[in-house]
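> After the sequence you'll find the predicted model.
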Amino acid sequence: MSAALLLLLGGGMGRTQSVPPALGIQGQDVRAASSPAPSASPAPEENPGLINEMGKLFDKLPSILPPIKSPSETMNDLSRLAKPSTMVSGRIACPASSNGAPDCKQAADQLCQSKGYKEGKSLSADSAEKCSAKVLIPGRPRKPDDCRTDTFVTSALCLN
């Protein structure tokens, strides 16, 4: 049994593996001869993969996006936009526009101008149905043009 073990360890499996030479000089020559010589390979072509395409996109971003403003420029823009404003309350009817919808911007402007401001923006509105006295006649059927819905601006943000 011990002889079979020695054969397996020393001769059977060990023969398929290369045994390094005893001298370092010989080992270098053998190793150099067994490894393939480095050859001059052509330059790698451009890889059209996802990472490469994303890199191209990032290269183009400065031309696509607007320039980023500094914090001081942003604050200057905000201060120009934040004009002094006041909220006012009242009740002004929104006139009908050319398409029949109520024009509450005009009503908000009127509400603010009545309080001494230049223009306004509607914050809240109210609607009410206004009917003619004909709907009160007993037994008379109601017609589509007997009533209309009026819209009113009740509060607005006014600007100087």
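In hand now; what should we look at?

> Could you count how many residues lie near Gly120?
When counting by other CB atoms under 10 Å, one arrives at 29 neighbours for Gly120. Placement of C-beta: from N, CA and C, glycine included.

> so what's it up against?
By CB atoms under 8 Å, 6 or more residues apart in numbering, the residues touching Gly120 are 88, 108-109, 111-113, 156-159.

> Apply 6 Å and report the result again.
When contacts are counted by CB atoms under 6 Å, 6 or more residues apart in numbering, Gly120 touches 108-109, 111-112, 156, 158.

> what does Ala125 give?
104, 151, 153.

> Among those, which lie within strands?
151, 153 (DSSP state E).

> Of the contacts of Ala125, which is the nearest to Glu53?
The shortest approach to Glu53 among the contacts of Ala125 belongs to Cys104, at 49.2 Å (CB to CB).

> which parts of the helix or strand hosting Glu129 are buried?
Here Glu129 sits within strand 119-131, counting by DSSP states H and E. Going by neighbour count (16 or more other CB atoms under 10 Å), the buried part of strand 119-131 is 120, 122, 125.
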